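**Q** Quick one, structure for this:
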Amino acid sequence: MKTATLDDIAPLSPVSRAAEAALPTRFGTFRILGFHSHLDGQDYAVLVRGGIEGAEALPVRLHSECFTGDVCGSLRCDCRDQLEASLEFLGRAERGALIYLHQEGRGIGLINKIRAYALQDDGLDTVEANHALGFPDDLRDYEVAAAILKALGVRSVRLLTNNPRKVEGLEKHGVPVVGRIPVITARNAHNARYLDTKRLKSGHLLDG
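**A** All right, here's what the predicted structure looks like:
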């Protein structure tokens, strides 16, 4: 007889809270929560600062995973810089949350992201490279993030982002976004075109 798993049992919520522990970091002390998503079968990490149940206008960062930036310190993007800036902001806040989302390469996955890098090496920008691989410029969806925020009892958020699509994506799934906190980081010679493409083609709210 097959043993039932979490995904075999119809959940009352699209996500299940499965683990919790203290997480001291150089940005401050957080609680790290583990959620299992019944929407895609994946596990998600959430860093929480202070008591957030019932919170309104809660500072929240939705961070898309970036192996090359977050882990390797790539200079081709601003992902690690945005992650650290967001953690610094939240570490100083009385309360807030960061949700780390499985959205490598804006949703196209690590292998396709590396293929897109190769096309960028040949002269395409990030949007053109995605299109050349047969993808839209951004495949990300924020249903899991919205489900986690609802499970945590968050009523509304102030989103740490430069990307209006994240605001629209959360609101589409029923989480009110009552404000936006810019996350502006330094440019370098390797990511200047990347940032310009974000601003000019993807609508990110960055300084020109």
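
**Q** Extract the residue ranges of the chain that are flagged as low pLDDT.
**A** Flagging of the chain using pLDDT under 70 yields the residue ranges 1-11, 207-208.

**Q** Contact partners for the residue nearest to G69 when sequence neighbours are not counted?
**A** If the residues on either side of it in the chain are set aside, G69 comes closest to C79, at 3.4 Å by C-beta to C-beta, 6 or more residues apart in numbering. No exception for glycine: its C-beta is placed from N, CA and C like everyone else's. Contact partners of C79, counting by C-beta atoms under 8 Å, 6 or more residues apart in numbering, are H63, S64, C66, T68, G69, D70.

**Q** Could you give me the ChimeraX syntax to select whichever of these are buried?
**A** With 16 or more other C-beta atoms under 10 Å as the burial test, the buried ones among the contacts of C79 are selected in ChimeraX as follows:
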select :63,64,66,68,69,70
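
**Q** The contacts of C79 in strands, which ones?
**A** When strands are assigned by DSSP state E, the members of the contacts of C79 inside them are H63, S64.

**Q** so what's the residue most central in space within the chain bridging to?
**A** In the chain, the centroid-proximal residue (C-alpha atoms, centre = their mean) is H63; its distance is 2.2 Å. Counting by DSSP bridges, H63 is bridged to Y100.

**Q** Count the residues that sit near K113.
**A** Burial of K113 is recorded as 21 neighbouring residues (other C-beta atoms under 10 Å).

**Q** next one: F35
**A** Burial measure for F35: 22 neighbouring residues, criterion other C-beta under 10 Å.

**Q** What is the burial count for E56?
**A** 11.

**Q** Pull out the buried positions in stretch 165-173.
**A** Neighbour-count burial for stretch 165-173, counted by 16+ other C-beta under 10 Å, picks out R165, K166, V167, G169, L170, H173.
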